[in-house]
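Student: Sharing a model that was predicted from the sequence below.
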Amino acid sequence: MIEVGKKAPDFTLFNQDGKKVKLSDFAGKNVVLYFYPKDNTSGCTKEACNFRDSLSELSKLNAVVIGISPDTIDSHKKFAEKYNLTFNLLADTEKKVVEKYGVWKEKSMYGKKYMGVERTTYIIGKDGKVKKVFEKVKVPNHHIEVQEALKEL
């Protein structure tokens, strides 16, 4: 995990439209950088839709939302179109960014161990430094927690 107060590592990934997106493109804005396991799964869909529904409130707090998962550009495109997601969904198919941010972890389901993304949100301030980290995110009301944290910046 990247600690609060540290500079957030820059990265370049492709979004759902095949465009290159760099974290540093958002200098001067607060960035809600959320890592999620998989497109079109129940928890990830609810989380994405909650962020979508709170975009105007987040925008008032000078914040942009960026979602990252190991899914492909095509998967992100279908997910974004299906749920009218208007923020960047970035494809980390090589898992470099999820590893860099410490969210690629061993998980367990029904006694089976596997590697996957641990649902995590970073709030990165206008100065490019990590202001808050939400680990092992529980989806209900997470978007409200994020808004409250942004108000404190």
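Tutor: Great, that's in hand.

Student: List the neighbouring strands of the helix or strand bottoming out on mean pLDDT in the chain plus their orientation.
Tutor: Taking mean pLDDT, DSSP states H and E as the measure, the chain has strand 104-109 as its least confident helix or strand, at a mean of 90. Sheet pairing here is set by DSSP bridges, and for strand 104-109 it gives strand 112-117 (antiparallel).

Student: and the strand it pairs with, which residues are buried?
Tutor: Neighbour counts using 16 or more other Cβ atoms under 10 Å place Gly116, Val117 of strand 112-117 among the buried residues. Glycine gets a C-beta too; all of them are placed from N, C-alpha and C.

Student: ok, then the element right after that strand?
Tutor: strand 120-124 (DSSP states H and E).

Student: which residues are contacting the least confident helix or strand of the chain?
Tutor: Contacts of strand 104-109 with the rest of the structure, by Cβ atoms under 8 Å, 6 or more residues apart in numbering, involve Lys95, Val98, Lys113, Tyr114, Met115, Gly116, Val117, Glu118.

Student: helix/strand/coil for the residue most central in space within the chain?
Tutor: Centroid-nearest residue in the chain: Tyr34, 1.7 Å away (criterion: Cα atoms, centre = their mean). Secondary structure state of Tyr34, per DSSP: H, G, I helix; E, B strand; the rest coil, is strand.

Student: beta partners for it?
Tutor: Gly67, Thr121.

Student: Would you double-check that Cys145 falls in a strand?
Tutor: Not Cys; residue 145 is Glu. No: with three-state DSSP as the criterion, Glu145 is located in helix rather than a strand.

Student: Now it: closest residue in space that isn't a chain neighbour?
Tutor: Closest residue to Glu145 apart from its sequence neighbours, by Cβ to Cβ, 6 or more residues apart in numbering: Phe134 at 6.7 Å.

Student: Centroid-wise, who is the farthest residue in this protein?
Tutor: Distance from the C-alpha centroid of the chain, by Cα atoms, centre = their mean, peaks at Gly111 (27.3 Å).

Student: how close does that residue sit to Ser42?
Tutor: 21 Å (Cβ to Cβ, to the nearest Å).

Student: do the same with Val21
Tutor: Taking Cβ to Cβ, one finds Val21 at 26 Å from Ser42.

Student: Please apply the same query to Ile68.
Tutor: For Ile68, the distance to Ser42 - Cβ to Cβ - is 19 Å.
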